[in-house]
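*Asks:* structural data only, the sequence is not supplied:
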């Protein structure tokens, strides 16, 4: 059954979200508490600049 009341990716207190749901599922399966991290796109008109190391 698909949840329809998700508020987005990032965890927020007392709100249903993707990050928290996946973390709870992993903990349920493995018994290990995990914290997921994700990266996202930049805002419109913002560009990353490559620099040499």
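*Replies:* Thanks, I have the structure now. As the structure is a computational prediction, the values presented were derived from the model and not from experiment.

*Asks:* please make it C-alpha for all contacts and neighbour counts, starting now.
*Replies:* Fine.

*Asks:* so, low pLDDT: which residues of the protein?
*Replies:* 1-3, 41-48, 50, 52-53 (pLDDT under 70).

*Asks:* for it, just list every one of the helices.
*Replies:* For the chain, the helices defined by DSSP state H cover 18-30.

*Asks:* surely residue 35 and residue 23 touch.
*Replies:* Yes. Counting by CA atoms under 8 Å, residue 35 does reach residue 23; the two are 6.4 Å apart.

*Asks:* which of those two has more neighbours?
*Replies:* residue 23 (16 against 12; other CA atoms under 10 Å).

*Asks:* so how far is residue 12 from the residue nearest to that one when sequence neighbours are not counted?
*Replies:* Distances taken as CA to CA, 6 or more residues apart in numbering place residue 34 nearest to residue 23, at 6.0 Å, with adjacent residues excluded. Going from residue 34 to residue 12 by CA to CA, to the nearest Å gives 16 Å.

*Asks:* before we move on, what about residue 5?
*Replies:* For residue 5 relative to residue 12 (CA to CA), the value is 13 Å.

*Asks:* who's more crowded, those two?
*Replies:* A count of neighbours by other CA under 10 Å puts residue 12 above the other of residue 5 and residue 12, at 12 against 9.

*Asks:* the more buried one and residue 31, how far apart?
*Replies:* Going from residue 12 to residue 31 by CA to CA gives 22 Å.

*Asks:* same thing with residue 6?
*Replies:* In this view, residue 6 and residue 31 are 24 Å apart by CA to CA.

*Asks:* picking that back up, the residue nearest to residue 23 reaches residue 25, doesn't it?
*Replies:* No. Using CA under 8 Å, residue 34 is not in contact with residue 25, being 9.9 Å away.

*Asks:* and for residue 24, nearest residue in space, chain neighbours not counted?
*Replies:* Residue 24's closest residue in space is residue 33 (CA to CA, 6+ apart), at 7.9 Å.
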